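Engineer: Sequence and predicted structure are below.
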Amino acid sequence: MAAENNNRTVADEDNVGESISFSHVTAVATGWMLDFMFLSLCRRFKKGKRDEFSETHSAFRDVQFEDDDSVMPLMSAAKIWSDLEHTVSDQSLFKNITILLVVQSVAVCLEKGQRSSASSALRWFENNLELPQGLGVKLSKIVEQRETYHPFLMSFSFSRLLETVQSYLDAYLEKNPSDYLLKAATKMVQSSQNAGGLEDVESQSSSLSKKANDVTEDRKKRESIVCRRPKRKLLSTRITDVWKPDTCKKRRASRRISSNELSQMTSENSGGTLKVQKIRKPPQKWTPQLDKYLKDGVKRHGQGKWSRILMDYDFEGRTGTMLKDRWRVLMRAHEVG
């Protein structure tokens, strides 16, 4: 059977070669496959299906990504993104994603303390991409000064990169909901379902009737087994003291207090006012070290990201609301640069 299929393939190649070049045909087929894989990547990334995205990405990476280990994934992504400019209708969106990929590549190196890697990444971008005007110079100064939490780096954060990529995917999938392979495969599946519809219905009905008979027989067997079993007493019929929680006893005791006793208790306390002592937790003092944590966290994540800041530093049990109030105090005292 395999030899027969091989003979058919060779014959098809010979027939194609008589009229057009077979290399042109394979190029068109390869383009269809790449379009299908790219569209699948976009859909699975947008829906958050990580496992399916990784499977498609592993096959797509062999064709597109860099083989050099020194090239980070974000750098390869920036190079691939430059080849996808024709898929973006909004040029400002294309420029923003390019800047975000470049900035994040440098920011990751600086955050790991790898200044030389950040410089190498910048040189790689200058040799392989057309960077927006002034971007390379600005990033070079940040790398020289080792400003890991520079406001420019913080403004082009990784979360903003994901949000911008999502906006690109929304626009692209709306414009390209399907491709040639998906349309052809859909027609093939629909035609096969219509052709085998009657056979499927008959097979399903026969299988359902068989399952129903099996269920009936099993039920009869179980009923016969239950009837044969001797009856046993699972619980003792002897009366024992029933345990009751203390709360029930206290409630019953409270019901036994008469109205006279209640009035007497009220009269005894009427002479003076009742003093209710509330135990209040002393306020926690903000130390200079905690203020430093708060300032560093705002520089890193931005004002208002209190939950993220709490994850990075130990604020001794303080909540996000406490961080927000302390930040207002620091701003009023002009202690924030």
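Structural biologist: Structure's in. What do you need?
Engineer: how many other residues sit next to Arg332?
Structural biologist: 9 (other C-beta atoms under 10 Å). The way it works is simple: take the backbone N, C-alpha and C, and place the C-beta from them, glycine included.
Engineer: Phi first, then psi, for it.
Structural biologist: Backbone torsions for Arg332, taken as degrees, to the nearest 10, come to phi -70, psi -30.
Engineer: Leu100: which element?
Structural biologist: In this structure, Leu100 sits in helix 91-111 according to DSSP states H and E.
Engineer: Need the contact partners of that helix.
Structural biologist: Applying C-beta atoms under 8 Å, 6 or more residues apart in numbering, the set of residues contacting helix 91-111 from outside is 72, 74-75, 77-78, 81-82, 85, 88, 115, 117-118, 121-122, 125, 129, 131-132, 135, 139, 142-143, 146-148, 152-153, 156-158, 160-161, 164-165, 167-168, 171.
Engineer: Now do the contacts for Trp327.
Structural biologist: Under the criterion of C-beta under 8 Å, 6+ apart, the contact list for Trp327 reads 294, 298, 303, 336.
Engineer: Can you name the residues that contact the second one?
Structural biologist: Contacts of Val298 were listed using C-beta under 8 Å, 6+ apart, and they are 305, 309, 327, 336.
Engineer: 10 Å - rerun?
Structural biologist: For Val298, the contacting residues are 149, 154, 304-306, 309, 323, 327, 330, 336, taking C-beta atoms under 10 Å, 6 or more residues apart in numbering as the criterion.
Engineer: Take those and lay them out in CSV including pLDDT.
Structural biologist: What follows is the contacts of Val298, written out as CSV (pLDDT from 0 to 100):
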residue, pLDDT
Tyr149, 87
Met154, 88
Gly304, 90
Lys305, 92
Trp306, 92
Ile309, 92
Leu323, 93
Trp327, 93
Leu330, 92
Val336, 80
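Engineer: Strands - which of those land there?
Structural biologist: When DSSP state E defines the strands, the subset of these inside them is empty.
Engineer: Next, the buried residues of stretch 300-319.
Structural biologist: Across stretch 300-319, burial judged by 16 or more other C-beta atoms under 10 Å covers 300-301, 305-306, 309-310, 313, 315, 318.
Engineer: Now the terminal residues of it, how far apart.
Structural biologist: Between the start and the finish of stretch 300-319 there is a gap of 18 Å, counting by C-alpha to C-alpha, to the nearest Å.
Engineer: Which residues does that stretch contact?
Structural biologist: With contact meaning C-beta under 10 Å, 6+ apart, stretch 300-319 is reached by 111, 148-149, 151, 153-155, 157, 159, 284, 286-287, 289-290, 292-294, 296-299, 320-327, 331, 336.
Engineer: try it again with 8 Å
Structural biologist: The list of residues contacting stretch 300-319 from outside it, by C-beta under 8 Å, 6+ apart, reads 149, 154, 157, 284, 290, 293-294, 296-298, 320-324, 327.
Engineer: and of those, the nearest to Asp35?
Structural biologist: Comparing the contacts of stretch 300-319 against Asp35 with C-beta to C-beta places Ser157 closest, at 31.4 Å.
Engineer: Quick one: residues contacting that closest one.
Structural biologist: Residues in contact with Ser157, defined by C-beta under 8 Å, 6+ apart, are 104, 302.
Engineer: how about 10 Å then?
Structural biologist: Ser157 sits next to 100, 103-104, 107, 163, 300-302, 305 when contact means C-beta under 10 Å, 6+ apart.
Engineer: I'd like those as TSV, with distance to Cys42 appended.
Structural biologist: As requested, the contacts of Ser157 are arranged in TSV below (distance: C-beta to C-beta, whole Å):
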residue	distance to Cys42
Leu100	17
Val103	23
Gln104	20
Ala107	25
Glu163	16
Arg300	31
His301	29
Gly302	29
Lys305	29
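Engineer: quick check, nearest of these to Ser40?
Structural biologist: Comparing the contacts of Ser157 against Ser40 with C-beta to C-beta places Glu163 closest, at 21.9 Å.
Engineer: This completes my enquiry, with thanks.
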